[in-house]
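Student: pasted the sequence and its predicted model underneath.
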Amino acid sequence: MIAQLTFNSILFRSIAMRFLSIKLVLVLYFIFSSNQLYGCFLSNQTFVVVLDAGHGGHDSGNRGNGYYEKNIALNIALNIGKILEKYDDIKVIYTRKSDKFVKLVDRARIANKADADLFISIHCDAFSSSKAFGAGTFVLGLHANQRNFEIAKRENSVIFYEEDYEKNYDGFDPNNPESVISLTLMQETYSNQSIDAAASIQKSFVSNLGRKDRTVKQAGFVVLKYTYMPSVLVETGFLTNKREGAYLNSKKGQNEMSKAIAKAIVNYKNELEKGVMNQEVFDRKETANENTKGITKKHNNIRFMVQLAASKKPIDPKPHNFKGLKNIVRDKQGTFYKYYFGNSNSYKQIQKEQKKARKAGFKSAFIVSFRGNKKIRLSEALDALK
């Protein structure tokens, strides 16, 4: 797994503060309880995967040994989609299905609009030495070394093909390592899930194809910044390596890579389902234990609120930071700050507040319940009201 990164804390804070003022709304993250985070499984909804074929159109990607990264990435993405589309409970969305240029920010918008559960961006690697080989997976994070920065810089340089890139990316400079700090704020919410998905893909490369294990790494990729879900960038191999480049450019290589990635995605989905079922069993046992202890159910101290978001860094609960919603309550719980809207002892009333929050743009807003100041399961609160 990814080694812990060490930084000079004073330098980090001073640099990070320079970016906190950039569109504060972009650093709102949505961290939910396990039931909310994996709610698609609890309600038997479709698992949505967005497949992003890197580059395209006038952006060829890297041209190691004369190959076209854009074509290889597209073929692999389409092949992955064909495999996943055979599953009734998986929906596949593509950022591109042909040789066309798509802005990085638009790729993220496609995923966000689809309310996707997983975003996978497909690429091919390159290096100055032709000896480098192997498939790697990346999640958004601060660079552990110069090599990771160079990979991110190459992929991020795509924004220079866009006429309005300074507006779209808040003045982000792919060549400036300091700019990357601002990238990490958005995806921090989903870092654990992103790492799990990346690890599943990396494991599949090694166990199914015998590829060199380049491990899961962190780097600052713009395409991962604006996605509001677990996201992984896959470097399928080095086109600059003669043997590996030929493999990736072949139908055999592309089919094998597609099958390995598709299998990993399915495994990741299944692990999430298993985790939810385990959590449900745990919750039932906890509830049973509490009931046997003779906990009284007085309805007069039951109240409900709507949770909008959570973050590791405090955000001023002003209306302009929460899409115009007023009377936001911020509460620190452990290492996270949670943000609530509405406060009522009527479940019917809090449902109206939830609709108001979702209409304002917080699509995943959910109801939480309290007995006094103690958070309790919603089912327990509703039982107490009967």
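Tutor: Nice, thanks for sending it over.

Student: can you pull the pLDDT of Asn168?
Tutor: Note for Asn168: predicted pLDDT of 52.

Student: for the one 5 residues further on, same thing?
Tutor: The predicted local distance difference test score for Asp173 is 53.

Student: Ser258 and Gln349: what is the separation?
Tutor: Remark: distance between Ser258 and Gln349 (CB to CB, to the nearest Å) = 50 Å. Bear in mind the C-beta positions are built from the backbone N, C-alpha and C, glycine included.

Student: with neighbour numbers in mind, choose between these two.
Tutor: Between Ser258 and Gln349, Ser258 has the larger neighbour count (other CB atoms under 10 Å), namely 22 against 13.

Student: surely that one touches Ile83?
Tutor: Yes - applying CB atoms under 8 Å as the test, Ser258 and Ile83 come out as touching, 6.5 Å apart.

Student: ok, the closest residue to Gly372 other than its chain neighbours - how many residues close by?
Tutor: Take Gly372 and drop its neighbours on the chain: the residue closest to it by CB to CB, 6 or more residues apart in numbering is Asn301, 5.1 Å away. Here the number of neighbours of Asn301 (other CB under 10 Å) works out to 12.

Student: same question for Ala77.
Tutor: When neighbours are counted by other CB under 10 Å, Ala77 registers 27.

Student: swap in Gly64?
Tutor: When neighbours are defined as other CB under 10 Å, Gly64 has 23 of them.

Student: tell me the domain boundaries of this protein?
Tutor: Per automatic domain parsing, the domain ranges recorded for the chain read 9-273, 296-385.

Student: deepest-packed of those domains, please.
Tutor: Among the domains of the chain, domain 9-273 has the highest mean neighbour count (mean count of other CB atoms under 10 Å), at a mean of 19.

Student: contacting residues for Val234?
Tutor: Neighbouring residues of Val234 by CB atoms under 8 Å, 6 or more residues apart in numbering: Ile120, Ser121, Ile122, His123, Ala135, Gly136, Thr137, Phe138, Ile201, Ile261.

Student: any idea how far Asp316 is from it?
Tutor: Applying CB to CB, the value for Val234 to Asp316 is 37 Å.

Student: do Lys131 as well
Tutor: 52 Å.

Student: end-to-end on stretch 240-260?
Tutor: Terminal residues of stretch 240-260 lie 22 Å apart, using CA to CA, to the nearest Å.

Student: likewise for stretch 107-126?
Tutor: OK, stretch 107-126 end separation, CA to CA: 22 Å.

Student: again with stretch 90-98
Tutor: Distance across stretch 90-98, first residue to last, is 22 Å (CA to CA).

Student: contacts for it next, please.
Tutor: Residues contacting stretch 90-98 (CB under 8 Å, 6+ apart): 46-53, 56, 74, 77-78, 80-81, 84-85, 102, 106-107, 110-111, 114, 116, 266, 269.

Student: mind listing the helices for the chain?
Tutor: With DSSP state H, the ranges of helices along the chain come out as 9-16, 34-37, 39-42, 69-84, 104-113, 146-156, 165-168, 180-187, 191-209, 222-225, 242-249, 251-292, 347-360, 378-385.

Student: same for the fifth one, what does it pack against?
Tutor: In this structure, helix 104-113 packs against strand 47-53, strand 118-125, helix 222-225, with contacts taken as 3 or more CB pairs under 8 Å, 6 or more residues apart in numbering; DSSP states H and E.

Student: what's the angle from it to strand 47-53?
Tutor: 170 degrees (axes from the mean of the first three to the mean of the last three CA atoms, to 10 degrees).

Student: quick check, pLDDT for Tyr339.
Tutor: In this model, Tyr339 carries a pLDDT of 88.

Student: tell me what Lys375 is bridged to.
Tutor: In this entry, Lys375 is beta-bridged to Phe370, by DSSP bridges.

Student: want to throw the helices and strands packed on helix 104-113 into CSV with mean pLDDT?
Tutor: Shown next, in CSV, are the helices and strands packed on helix 104-113 (pLDDT from 0 to 100):
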stretch, mean pLDDT
strand 47-53, 95
strand 118-125, 94
helix 222-225, 62
